[in-house]
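> Give me a 3D structure for the following:
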Amino acid sequence: QVQLVESGGGLVQAGGSLRLSCAASGRTFSRYGMGWFRQAPGKEREFVAAISWSGGRTYLTDSVQGRFTISRDNAKNTVDLQMTSLKPEDTAVYYCAAGPWPSRDGMDYWGKGTLVTVSS
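Next up, the predicted model:
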């Protein structure tokens, strides 16, 4: 079992930055690929970024490449999403999830999400 709790969301102006963090509990955290997903109002949840169990491989969706970075610290059981050059279209509830690599779907565990609002 892995429990996930996201933090770091908030209100930011367009062009600004935020760092989301996901804290995991459970001894098997380091065995999982980790992903960030988001769901904007009225839209389906979509994949944002993923990182392999070792942190050696990452993948980001096209719309955030060059702006977002995903990282993890297995010693601290955390996975972060650094977001820069934020746009209003990045407004969404962001979810952390754990699952098998490539961790873009079929995730096993989910957090409850943290809201990011980007004002224009």
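
> Compute the first-to-last residue distance for stretch 1-14.
37 Å (C-alpha to C-alpha, to the nearest Å).

> Can you list the buried residues in that stretch?
2, 4, 6, 8-9, 12 (16 or more other C-beta atoms under 10 Å). For every residue, glycine as well, the C-beta is placed using N, CA and C.

> Restricted to helices, list the residues you listed.
Among the buried residues of stretch 1-14, no member falls in helices (DSSP state H).

> quick one, what contacts the closest residue to Ser25 other than its chain neighbours?
Of all residues not flanking Ser25 in the chain, Gln3 sits nearest, at 4.6 Å (C-beta to C-beta, 6 or more residues apart in numbering). When contacts are counted by C-beta atoms under 8 Å, 6 or more residues apart in numbering, Gln3 touches 24-26, 109.

> what do you get if the cut-off is 7 Å, keeping everything else the same?
24-26 (C-beta atoms under 7 Å, 6 or more residues apart in numbering).

> pLDDT on stretch 14-32, on average?
Per-residue pLDDT over stretch 14-32 has a mean of 91.

> Same check on stretch 49-63?
Mean predicted lDDT for stretch 49-63 stands at 95.

> repeat for stretch 101-108
For stretch 101-108, the mean pLDDT works out to 88.

> which parts of it are buried?
Applying 16+ other C-beta under 10 Å to stretch 101-108 flags 101, 103-104, 107 as buried.

> Let's have those in JSON lines, adding distance to Phe37.
Shown next, in JSON lines, are the buried residues of stretch 101-108 (distance: C-beta to C-beta, whole Å):
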{"residue": "Trp101", "distance to Phe37": "15"}
{"residue": "Ser103", "distance to Phe37": "10"}
{"residue": "Arg104", "distance to Phe37": "9"}
{"residue": "Met107", "distance to Phe37": "8"}
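
> Let me know the closest of these to Ala50.
Nearest to Ala50 among the buried residues of stretch 101-108 is Ser103, at 4.0 Å by C-beta to C-beta.

> shouldn't that closest one be in contact with Gly35?
Yes: between Ser103 and Gly35 there is a contact at 4.1 Å, judged by C-beta atoms under 7 Å.
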